[in-house]
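1. Provide a 3D model corresponding to the input given below.
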Amino acid sequence: MDIFEAGSRASQLANSDYFAGRVWQNPIVDAPEPARLNALWVTFEPCARTAWHTHPLGQTLHVVSGAGLVCSRGAAPRVIRAGDTVWIPPGEEHWHGAGPDTGMVHLAMQEKLNGRAADWLEHVSAEDYARAPVAAR
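-> Numbers count the residues shown, from 1 in each chain. I've put the predicted structure just below:
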């Protein structure tokens, strides 16, 4: 059993190859094999977002605070708010992040397949980010 005491692991500024804007990541768990769970607490400042990406075994997002956006390739962004949970199926191209005027914090949970939890694609264009969102409800 491992216990990671609160504050014992530093926050990391997310890699700009995969994120736009200021995004902070705090590790929750990166379970050793044969377990596959990887989970992060992710804080997006306004306008910050991921690049387009997929997950080999899918991803669950749980919004902890604020309001943001999630978008599947070819669709309009959808608004997500504190308390919302999003399931993204394996292989679905998507992005997620804060709204233009609001920060957002979410818990991101995904499993690794052959050692990888995500496959990163290109950055989200300003035009794609600015598309009018639809309510998630």
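2. where exactly do the strands run in this protein?
-> Assigned by DSSP state E, the strands in the chain fall at 12-13, 19-20, 23-30, 37-44, 49-50, 53-54, 59-72, 78-81, 85-88, 94-98, 104-111, 119-120, 134-135.
3. which among those strands is found nearest to D2?
-> strand 23-30 (9.0 Å; CB to CB). Quick note: C-beta positions are derived from backbone N, CA and C, even for glycine.
4. name the residues that touch stretch 33-40?
-> Defining contact as CB atoms under 8 Å, 6 or more residues apart in numbering, one finds that stretch 33-40 is touched by 25-31, 57, 107-113, 117.
5. list the buried residues for it?
-> Within stretch 33-40, the residues scored as buried using 16 or more other CB atoms under 10 Å are 36, 38-40.
6. can you add distance to S125 and pLDDT and give the residues you listed back as TSV?
-> Listed next are the buried residues of stretch 33-40 as TSV, based on distance: CB to CB, whole Å; pLDDT from 0 to 100:
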residue	distance to S125	pLDDT
R36	32	96
N38	27	96
A39	29	97
L40	25	97
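7. on the pLDDT front, check A132 for me.
-> Per-residue confidence (pLDDT) for A132: 86.
8. can you pull the contacts of it?
-> Applying CB under 8 Å, 6+ apart, one finds that A132 lies in contact with A76.
9. against C71, how distant is it?
-> According to CB to CB, to the nearest Å, A132 and C71 sit 12 Å apart.
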